[in-house]
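**Student:** pasting the sequence and the predicted model now:
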Amino acid sequence: MENAKHAFWQAFFVTMLFFLAGLVLGVYLEQLRGDSLSVLSYNSEVSLYDSFALGKLLETNLTSCENLKKTSIIFADKIYGEARELERFDEKNKLTDSMKAIHRKYDLLRTLLWMNIIEMKEKCGQINTVVYLYVYDTDDIKIKSEQTVWERVLSDLKEEEGDNLILIPIAADQEINSLDYLASFYGVKEFPAVIINEKNIFYEQKSADELMTFLK
Amino acid sequence: MLEFLTFVYLIYTFIALYFLSLFALVFIQNRKEIFTNPQSGKKYSLSIVVPCYNEEESIEGTIKSILDSGYEGLEKIFVVDDCSTDKSYSIIKSLEKKYPKLVALKTEKNTGNAGGAKNYGARFVKTELIGFVDADSYPGKHAISSMTGFFDDPEIGAVTTRILVRKRDNFLRKMQAIEYKVIAFTRKLLEFLDSIYVTPGPLVIYRRSAFVKIGGFDAKNMTEDIEATWHLIHDGYKIKMSFVSESMTVAPNTLGKWFKQRIRWNIGGYQTILKYKKFFLRKGMLGFFILPFFSISLVLGVFGLGILGYRFFRRFLIYYLSTRDSIAAQTAILTMQDINLNPSVLNFLGAVAFVIGLMFIFFALKFVNKHLGEKENFFSVIFYSFVYILLRPIVIIVSLYKFLTGKYSWR
């Protein structure tokens, strides 16, 4: 009986040891993922400032609209690729909230990009933009499945249009005031929503071909 | 903040790792004792009661195997026919002449359960020890004599042995054969924790005074052998297990019969938990380990299946809706983005717990088989570990429903 009691405690300590080691390792791995994405987000931030700087240069006629458009497209594609990478890791981080914070930062960067492009459009004329406002933190099956289809359709659209289109997916439920303001300014009533050139807003599923007819 | 399901997952992993660590430690600390049986200079007088209901095909084999077991203190074998509808009773009567130690008994009316027939037979027993053997079970050579030595310790109330599957002529029986071996190994480890929670019907010997003290079997219980064991532990007795011998039993050969048997076992488990619930976290090993261990294994099974079902249903629904809408939107129904091969820390912890569990099964089988001189088919063990075990939560849920609605009977 005494031995039995010892075995219970010993097993508890052995389990705690393994379990805590597993948890610490898990948290460490999640932090590593977060760190690698932090570096990406830092680079994206620099790229964004670069595109802001180009916008300023445009005012002094030291660069052309073509250059600014090109830079914006490259940056948008970069940030879009990183966003997809982030999504892949995001749902796998179970122990820490590090990814959520990075995600929010990316959403802010993307909002800034959108604002920058709106400003650029005024100076340089039309560039096709598709802003996809989705819900990040949801358990709603209908919304999740709708968003899955939107992601596939918009991916097709981007593939089809290439550099003729800037695709900016932004999570709309991240408490980013500037984004909330923009969404409300353009009359977005619910999410997920797709905004083409700040004019056409879609809530119902459309095919890539149907969306293409709204591009310039 | 951890999500609820993540939290549940962590608790599951912790509990699984805890029990695996516990069994590993108990094995390491007691490995030299596993095959050790106390030898007694005393020859205890023993009578065996065999409850019988429609066992015309197996009953003679059972009687013969009890006699062939070769225990010199065996005085009587009381075979209790519980008003069988086949020729069981006439066969038993005719065997009385052939085997002088055999006494044929018949209940006045069908008791409806094994406990009733066992209690009926127990009334005729006057020996120091009383044993029970199911009518479809076959104690091995020296099985009984390997068990009686434990009774030198006055604290011992009952002794059980390894229960193994006799005929392994189809896949289901092969699965059960693996299961019984793993259970036998685990039960022996539980003995070192004074926590054997069942003394199964294929062969058990009780100290008669202890058996009388607990008032015999609870005939209303669907698993009278579990209830009797808990009752003995509650009354301060210890349960031992002989690991050097076995009793072979006939396992169900169809899924329907198997399912019915497991439903009965689980309902009996629920009945016993309810009966002893007031001792939860009280009263020695019964309240501090057996009750929580037994209850947790049932609750975790049900809850785990519920979560698994919920997650599967959710994923299926999302997949169905997104596929339907993807077709309507003329886009791909599966993309590389959907195939996410990044494991989470929970996947790692789950995999570690599962691998250790798998290692435990393989080790238990290797350990038992080494003594039996048998070998296990690798793929059967894999199937057992990945598929057969998953049937348990389903049985638990169905039996819980039947238990709550009162839709059950022994036969």
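**Tutor:** Perfect, I can see it now.
**Student:** tell me which residue in chain B sits closest to chain A.
**Tutor:** Closest contact between chain B and chain A, by C-beta to the nearest C-beta, is at residue B:345 (2.9 Å). Just so you know, the C-beta spots here come from the backbone N, C-alpha and C atoms, and that holds for glycine as well.
**Student:** list the buried residues of stretch B:85-93.
**Tutor:** Judged by neighbour count (16 or more other C-beta atoms under 10 Å in any protein chain shown), stretch B:85-93 contains these buried residues: B:88, B:89, B:91, B:92.
**Student:** turn those residues into CSV, including secondary structure and pLDDT.
**Tutor:** As requested, the buried residues of stretch B:85-93 are arranged in CSV below (DSSP: H, G, I helix; E, B strand; the rest coil; pLDDT from 0 to 100):
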residue, secondary structure, pLDDT
B:88, helix, 94
B:89, helix, 94
B:91, helix, 95
B:92, helix, 96
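**Student:** export the residues you listed as a markdown table, with columns for distance to residue A:211.
**Tutor:** Formatted as a markdown table, these follow (distance: C-beta to C-beta, whole Å):
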| residue | distance to residue A:211 |
| --- | --- |
| B:88 | 78 |
| B:89 | 83 |
| B:91 | 82 |
| B:92 | 84 |
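**Student:** now the strands for chain B?
**Tutor:** Secondary structure of chain B (DSSP state E): strands at B:46-52, B:74-81, B:102-106, B:129-132, B:137-139, B:156-165, B:204-207, B:238-249.
**Student:** want to throw the ones you listed into CSV with mean pLDDT?
**Tutor:** Converted to CSV, the strands of chain B look like this (pLDDT from 0 to 100):
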stretch, mean pLDDT
strand B:46-52, 97
strand B:74-81, 97
strand B:102-106, 96
strand B:129-132, 98
strand B:137-139, 97
strand B:156-165, 97
strand B:204-207, 98
strand B:238-249, 95
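**Student:** columns mean neighbour count and distance to residue A:70 on top of these, output as TSV?
**Tutor:** Converted to TSV, the strands of chain B look like this (neighbours: other C-beta atoms under 10 Å in any protein chain shown; distance: least, C-beta to C-beta, whole Å):
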stretch	mean neighbour count	distance to residue A:70
strand B:46-52	27	89
strand B:74-81	24	94
strand B:102-106	19	99
strand B:129-132	28	88
strand B:137-139	25	84
strand B:156-165	25	75
strand B:204-207	26	85
strand B:238-249	23	78
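**Student:** quick one: which of these is nearest residue A:63?
**Tutor:** Among these, the nearest to residue A:63 by C-beta to C-beta is strand B:156-165 (82.8 Å).
**Student:** just the pLDDT for the residue of chain A found nearest chain B.
**Tutor:** Here chain A gets closest to chain B at one residue, residue A:26, 2.9 Å apart by C-beta to the nearest C-beta. On pLDDT, residue A:26 comes in at 82.
**Student:** grab the nearest non-local neighbour of residue A:114.
**Tutor:** residue A:168 (5.3 Å; C-beta to C-beta, 6 or more residues apart in numbering or on different chains).
**Student:** ok, the one you found touching residue A:116?
**Tutor:** No: at 10.4 Å, residue A:168 does not count as touching residue A:116 under the criterion of C-beta atoms under 8 Å.
**Student:** farthest pair within the buried residues of stretch B:85-93?
**Tutor:** Taking C-beta to C-beta, no two of the buried residues of stretch B:85-93 sit farther apart than B:89 and B:91, at 7.2 Å.
**Student:** the residue of chain B closest to chain A: neighbour count?
**Tutor:** Residue B:345 has 22 neighbours, counted by other C-beta atoms under 10 Å in any protein chain shown.
**Student:** for it, give its distance to residue A:31.
**Tutor:** Distance from residue B:345 to residue A:31, counting by C-beta to C-beta, to the nearest Å: 11 Å.
**Student:** would you say the residue of chain A closest to chain B is within a helix?
**Tutor:** Yes: residue state for residue A:26 (DSSP: H, G, I helix; E, B strand; the rest coil) corresponds to a helix.
**Student:** buried set for stretch A:175-190?
**Tutor:** By neighbour count with 16+ other C-beta under 10 Å, stretch A:175-190 contains the buried residues A:176, A:179, A:182, A:183, A:188.
**Student:** gap between the third one and residue A:195?
**Tutor:** Just to be clear, that refers to residue A:182. Distance, residue A:182 to residue A:195, using C-beta to C-beta: 9 Å.
**Student:** and residue B:228, what pLDDT?
**Tutor:** pLDDT, read off for residue B:228, is 97.
**Student:** got the contact list for it?
**Tutor:** B:158, B:199, B:206, B:211, B:214, B:216, B:217, B:218 (C-beta atoms under 8 Å, 6 or more residues apart in numbering or on different chains).
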